[in-house]
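Participant: A structural model of the following input is requested.
(chains A and B)
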2 protein chains.
Amino acid sequence: MNFIGLFNKAVGTTHSRLCIGLDPEVNLLPLSVKNKKRSLFLFNKTIIDATHDLVCAYKPNSAFYESSGAGGILELKMTCDYIKKNYPKILIFLDAKRADIGNTNRHYVEYAFGYLGVDAITLHPYLGEEGIAPFLERSNKGCIILCRTSNPGAREFQNLKVDGTLLYQTVAKQVAQKWNSRKNCMLVVGATYPSEMKEIRKLAPNVPFLIPGIGAQGGDLEASITAGIDSRGGGIVIAVSRTVLYTSGSGDFALAARKKAKELRDQIDEIIQRLS
Amino acid sequence: MNFIGLFNKAVGTTHSRLCIGLDPEVNLLPLSVKNKKRSLFLFNKTIIDATHDLVCAYKPNSAFYESSGAGGILELKMTCDYIKKNYPKILIFLDAKRADIGNTNRHYVEYAFGYLGVDAITLHPYLGEEGIAPFLERSNKGCIILCRTSNPGAREFQNLKVDGTLLYQTVAKQVAQKWNSRKNCMLVVGATYPSEMKEIRKLAPNVPFLIPGIGAQGGDLEASITAGIDSRGGGIVIAVSRTVLYTSGSGDFALAARKKAKELRDQIDEIIQRLS
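Facilitator: Modelled structure (predicted):
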């Protein structure tokens, strides 16, 4: 099955369009976890066990593990292995924002799809389709291409006017019309720009969106879903991390995370029901 | 001292504008190394010991270590530690092509400048200056921004026309006029496009270029140096990896690498002398 098929299947079986980012910040971890061995993994495991019936995907961000060096990477692998073993219906998106020339990308492919065994990876578009071919060739693995990111300074390049359209629109068009020929691409479209998301949906009607920027970054859930939903009432997944992970900084953090995740999952559901 | 100062100092003390990429491919390693423990580090150490008096910088590419997981990252750290301890005049450029939103970039900063302790890192421009601010703020550490990459498909986005100039030119201008305010930026400009490099030099007269693409990728050394050299006869560093690392696949690989590196270092020198 191609990746978009796997994505739709995961949404169908989990009844959720929520993705929780597993971005453990050592200095934000609850005391009950912070001083233990393998605290990043332990924190993730607790969050995963508390939320596994509420999400279609987990999205660990590689940076949060790389900062702890080789030990951090091991805890990232332990996290991925834990999800695959215990909750095999849930997808894993590696947020790594990679892209290099071809022979180097083969190594990133091995890191993501071999060593960690994740289902998809986020990628920079700047080197073009040829550069990221080693990722695109894996039809059952997802390539989640940065299109319109959620950060305040994203417009510096992404909103440059290119032959009458904006650069992020050109990225959306290329991905929709060319890169997605194996039906394994998604686009990252930040919740902080719903009107731009609406334009991107027109340009890429069949490409699912990964939507970060709800919560800590200020994006509006209803506006984002309204702008991003496709003609079949799907094609989106909402990614949150800080909002869920650090709702409570004390011993009840897992319960608090579950409560917040359930609230979000239900809100997403309710908005989609209303729109359809 | 700012990073460009450190870069010029390294070139001055090492009398070299050659940078060797430390990109160990397990299946290309000589048999004498391949089956040993910590073979990536062992290969690097042998190459470093054989070439340390011929280079101003080493450039390990993170991907080639990530593909071996946590153990690979440890060997990357061992490599960086080995260079810093034994050859402190030589800079280390981490080729990692990172860039994420601000709070995530703080973790990549920690990975590169904290854990590995390198002097500079390669970065994608797509998220804009605000996104990579955590890197730019470190004036004594280098931000090597992808401008015109050496891969055949680079033009898909990099050569799009943006308000009369091409996207890679806009990146060059932004870096030269804004991002480089702390004198700690460089630009990646592939040797495979000397005429485009000449344009970039005009737009960014004071930003050093990291020039990959000589050798395996087919770039021409003389044309690249002629196009990239700045008005003071400097501002460039030539990056090679496969050409030097795998000149010989057998027991004499270190000697063969040294011979090739010396040849390149001398050629670069000779061309610069002739041009000045």
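Participant: residues contacting A:Ser231?
Facilitator: By CB atoms under 8 Å, 6 or more residues apart in numbering or on different chains, the contact set of A:Ser231 is A:Pro205. Using the backbone N, CA and C atoms, a C-beta is placed for each residue, glycine as well.
Participant: for chain B, what are the nearby residues on the stretch 151-276 of chain A?
Facilitator: Where the stretch 151-276 of chain A comes near chain B, counting by CB under 8 Å from any CB of the partner chain, the residues are A:151-158, A:160-163, A:167, A:170-171, A:174.
Participant: Run a quick neighbour tally on the residue nearest to A:Asp49 when sequence neighbours are not counted.
Facilitator: The shortest distance from A:Asp49 to any non-neighbouring residue, by CB to CB, 6 or more residues apart in numbering or on different chains, is to A:Ala254 (7.3 Å). A:Ala254 is flanked by 20 other residues according to other CB atoms under 10 Å in any protein chain shown.
Participant: Next, A:Ala254: secondary structure please.
Facilitator: At A:Ala254 the chain is in helix, as set by DSSP: H, G, I helix; E, B strand; the rest coil.
Participant: Now do it against chain B, distance only.
Facilitator: 22 Å (CB to the nearest CB, to the nearest Å).
Participant: What is the neighbour count of A:Arg242?
Facilitator: Using other CB under 10 Å, A:Arg242 has 15 neighbouring residues.
Participant: With just CA atoms, put stretch A:229-240 into PDB.
Facilitator: The C-alpha coordinates for stretch A:229-240 follow below in PDB (Å, rounded to 0.1, in the frame of the first residue of the first chain):
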ATOM      1  CA  ILE A 229      -9.900  19.900   4.800                       C
ATOM      2  CA  ASP A 230     -10.100  18.300   1.400                       C
ATOM      3  CA  SER A 231     -13.200  17.600  -0.700                       C
ATOM      4  CA  ARG A 232     -13.700  14.200   0.900                       C
ATOM      5  CA  GLY A 233     -13.700  15.700   4.400                       C
ATOM      6  CA  GLY A 234     -10.200  14.500   5.200                       C
ATOM      7  CA  GLY A 235      -6.600  15.100   4.200                       C
ATOM      8  CA  ILE A 236      -5.400  16.700   7.400                       C
ATOM      9  CA  VAL A 237      -3.600  15.800  10.600                       C
ATOM     10  CA  ILE A 238      -3.200  18.300  13.500                       C
ATOM     11  CA  ALA A 239       0.200  18.200  15.100                       C
ATOM     12  CA  VAL A 240       0.600  19.400  18.700                       C
END
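Participant: now that stretch: mean pLDDT?
Facilitator: On average, the pLDDT along stretch A:229-240 is 96.
Participant: how far out from the middle of the chain is that stretch?
Facilitator: 12 Å (CA atoms, centre = their mean, to the nearest Å).
Participant: What residues sit buried inside stretch A:242-252?
Facilitator: By neighbour count on 16 or more other CB atoms under 10 Å in any protein chain shown, the buried set for stretch A:242-252 is A:243-247.
Participant: nearest to B:Arg182, of those residues?
Facilitator: Nearest to B:Arg182 among the buried residues of stretch A:242-252, counting by CB to CB, is A:Tyr246 at 32.0 Å.
Participant: Wait, the closest one touches A:Asn27, no?
Facilitator: No: using CB atoms under 8 Å, A:Tyr246 is not in contact with A:Asn27, being 10.6 Å away.
Participant: Drop anything exposed from the residues of the stretch 151-276 of chain A next to chain B.
Facilitator: Buried subset of these (neighbour count, 16+ other CB under 10 Å): A:151, A:153-158, A:160, A:162, A:167, A:170-171, A:174.
Participant: ok, so of these, who is nearest chain B?
Facilitator: Taking CB to the nearest CB as the measure, A:Gly153 is the one of these closest to chain B, at 2.4 Å.
Participant: check contacts around the closest residue to the closest one other than its chain neighbours.
Facilitator: Excluding the flanking residues, the one nearest A:Gly153 by CB to CB, 6+ apart is B:Glu130, at 2.4 Å. Going by CB under 8 Å, 6+ apart, B:Glu130 touches A:151-154, A:156, B:102.
Participant: Kindly report the same for A:Asn151.
Facilitator: So A:Asn151 contacts A:190, A:217, B:101-102, B:127-128, B:130-131 (CB under 8 Å, 6+ apart).
Participant: coming back round to it: farthest-separated two in the residues of the stretch 151-276 of chain A next to chain B?
Facilitator: For those, the farthest-apart pair by CB to CB is A:Pro152 and A:Asp163; their separation is 26.2 Å.
Participant: mind listing the strands for the stretch 51-200 of chain A?
Facilitator: Per DSSP state E, counting those that start in this stretch, the stretch 51-200 of chain A has strands spanning A:57-60, A:91-98, A:120-123, A:142-148, A:161-162, A:165-166, A:185-189. These are given in chain order.
Participant: Would you convert those into JSON lines that also reports mean pLDDT and distance to B:Lys89?
Facilitator: Output for the strands of the stretch 51-200 of chain A, formatted as JSON lines (pLDDT from 0 to 100; distance: least, CB to CB, whole Å):
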{"stretch": "strand A:57-60", "mean pLDDT": "98", "distance to B:Lys89": "38"}
{"stretch": "strand A:91-98", "mean pLDDT": "98", "distance to B:Lys89": "31"}
{"stretch": "strand A:120-123", "mean pLDDT": "98", "distance to B:Lys89": "36"}
{"stretch": "strand A:142-148", "mean pLDDT": "97", "distance to B:Lys89": "38"}
{"stretch": "strand A:161-162", "mean pLDDT": "90", "distance to B:Lys89": "44"}
{"stretch": "strand A:165-166", "mean pLDDT": "93", "distance to B:Lys89": "46"}
{"stretch": "strand A:185-189", "mean pLDDT": "98", "distance to B:Lys89": "41"}
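Participant: quick one, which of the ones you listed is nearest to B:Val33?
Facilitator: Of these, nearest to B:Val33 by CB to CB is strand A:91-98, at 27.1 Å.
Participant: Is that closest one positioned near chain B?
Facilitator: Yes: contact of strand A:91-98 with chain B (CB under 8 Å from any CB) involves A:95, A:97-98.
Participant: can you give me the angle that strand makes with strand A:185-189?
Facilitator: 70 degrees (axes from the mean of the first three to the mean of the last three CA atoms, to 10 degrees).
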